[in-house]
Structure formats: structure tokens, C-alpha cells
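K.L.:
Could you work out the structure for the sequence below:
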Amino acid sequence: MTPWEMAAVLAAGVAGGAINTVVGSGSLITFPTLLAVGLPPITANVSNNIGLVPGGFTGVMGYRPELKGQRGRLLALAPASVIGSLTGSFLLLNLPESSFNMIVSVLIGVSCALVVIQPKLSRLLAAPELDAPPSSGEHGGPWLWLGTLAAGTFGGYFGAGQGILLLGLMGILLADDLQRLNAAKNVLVLLVNSVAAVLYAVVADVDWLAVLLVALGSMAGGFVGARVGRRLPAAVLRGVIVCIGVVAIVKLLTD
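P.N.:
Okay, the predicted model is just below:
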């Protein structure tokens, strides 16, 4: 990479780490940036996944107050995240490479749609009627477990959008404060990305310079996201994410 390309990847890591902590679609910033500097799609995907793990740690640490009292919930859902991550990683490493661009284009499109509907989702989560405990209980019941498994598979294959999917499922199936749900989401996404990262580091083609740049940026971004990310203009942020996602789809389908 040239110095300017390295700076762009570092900046994308900062943005991606912050967005992952606050919303959950940071890969729509970092992945297209790695494509733009010349990395092959699968190498860009696995390098991006590994690089975003440190940012996940800083984001989780920033949400520690909201995690109090959620140990049982996270222990119940963690196996679904691990199994899903392993499943998605296996699919990435074993499906034909020629199918990757098309599959990821669809996943990016889904992620962009999830970003667009996030305001409506947030209003739903804030509705007064959610103060009553849901019939699915403290841990969300089997539907949330299966949804967490699906989100983990999504994340193990391609990370963007899994956080928004998880937050939506938790909002429907759990009666809790939005920020507490977001804190739990950050832990489960970190678990998915960490499991996939270990596997990728052992068996996949990784660009370690890209990993280092994304990791350094995402660590700073995760801290910023946990501290001040909620003050960012949400509409502008969503617009940027969707535009970058569309550019990534075009690039993938025309390569």
C-alpha cells in the first residue's frame, strides 16, 4: 500500500470501530476500503474481520455499566454465536470462490436495508408497551437463540449487519433498555468475530498490514463510539454507510 492508502485504511478502521459499537455495520466502511486499495475480496474479508476484533474489545469495555446483570443472558446465547461463527467461517472457506462476490453483494444489500430501517426499529424498542416482560423470558427463548445462531452465521461469513440483526431480535423478544441490549449485542458480535478471526488466522490468506491498520483504527473507533458515538447525526451516518455499501456492491459485481 502507498502511504495514502494506509491512511485511508486506518481512517476506515476508526469509522468502522465506532459504527460497530453504536449501530453495528462498520464492515460497510472497512471492507470496501480494503477492496479499493487492491486486496482480493476474500483476503479483504478475513483481514477486515480480524482487524475489527480489537475495536470490539474497546467497545465492550466502554459499555461495561450496561452489561451489569446480563451474565446469564449472555451465557445462554453465547453457544449460538460460537456455532454460528464456525458455520459461517466454514462456508466462507469451502464455498467456491467464484460465488463469494455474489453472496457478499446480497449480504451487503441486506445490511444496507437493515441500516435504513434502524430508525423505525429504535422507535419500536422505545415503545412504552415494551415495559412489560415478554413471554419469551429473560433470555429470549428458543427464537432468540435461533436468531443469534443465524446472525452468527451471517457474521462468520461476512460481518456487516449482524449487529443490527441481533439488536432487532433482542428488541422484539426481550423487555430491556436499548442501551443494555446494545451492550449485549456488542459482546455477542465480538464473540462471533473473535472465533472467526482465530480460524481465519490459521487457515486463510491474511494481509497482516491491513489487519494492523484496521485494528489500530478500530480500537480508537470503539472507544470513541462507546463515549460519544451516540451524538453523531444518525441520518448522515446512515446515508454514508448506504452509499459506501452501494459502491462496494458495484465493485464486487463488476470485478
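K.L.:
What segments of the protein are helices?
P.N.:
Along the chain, counting by DSSP state H, helices occupy 3-22, 27-36, 41-62, 64-67, 71-94, 100-125, 141-157, 162-173, 178-203, 208-228, 234-254.
K.L.:
Tell me which residues touch residue 246, please.
P.N.:
residue 112 (Cβ atoms under 8 Å, 6 or more residues apart in numbering). Backbone N, C-alpha and C define where each C-beta goes, glycine included.
K.L.:
what's the burial count for residue 87?
P.N.:
A count of neighbours around residue 87, defined by other Cβ atoms under 10 Å, yields 17.
K.L.:
Next up, the contacts around the residue nearest to it when sequence neighbours are not counted.
P.N.:
Once flanking residues are discounted, residue 87 sits nearest to residue 153: 4.7 Å by Cβ to Cβ, 6 or more residues apart in numbering. Counting by Cβ under 8 Å, 6+ apart, residue 153 makes contact with 84-85, 87-88, 91.
K.L.:
cutoff 6 Å now
P.N.:
84, 87-88 (Cβ atoms under 6 Å, 6 or more residues apart in numbering).
K.L.:
Residue 207 too?
P.N.:
Contacts of residue 207 were listed using Cβ under 6 Å, 6+ apart, and they are 39, 43, 47.
K.L.:
measure it to residue 9 for me?
P.N.:
10 Å (Cβ to Cβ, to the nearest Å).
K.L.:
And for residue 167?
P.N.:
Distance from residue 167 to residue 9, counting by Cβ to Cβ: 27 Å.
K.L.:
which one of the two has more residues nearby?
P.N.:
Between residue 167 and residue 9, counted using other Cβ under 10 Å, the more crowded position is residue 9 (29 against 25).
K.L.:
Neighbours of the nearest residue to that one once chain neighbours are set aside, how many?
P.N.:
The shortest distance from residue 9 to any non-neighbouring residue, by Cβ to Cβ, 6+ apart, is to residue 213 (4.3 Å). By other Cβ under 10 Å, the residues close to residue 213 number 27.
K.L.:
Show the pLDDT at residue 213.
P.N.:
Per-residue pLDDT puts residue 213 at 95.
K.L.:
Does it touch residue 10 like I think?
P.N.:
Yes: using Cβ atoms under 6 Å, residue 213 makes contact with residue 10 at a distance of 4.8 Å.
K.L.:
what about residue 223, how many neighbours?
P.N.:
Neighbourhood size, residue 223 [other Cβ under 10 Å]: 21.
K.L.:
you'd agree it is up against residue 59?
P.N.:
No: using Cβ under 6 Å as the test, residue 223 is too far from residue 59 to be in contact (7.8 Å).
K.L.:
rewinding a little: of the helices of the chain, flag the one that's most buried.
P.N.:
Highest mean neighbour count of the helices of the chain: helix 27-36, a mean of 27 (counted as mean count of other Cβ atoms under 10 Å).
K.L.:
Which one of the contacts of residue 153 is nearest to residue 182?
P.N.:
Residue 182 has its nearest neighbour among those in residue 84, at 19.2 Å by Cβ to Cβ.
K.L.:
What pLDDT does the model give residue 96?
P.N.:
Per-residue pLDDT puts residue 96 at 81.
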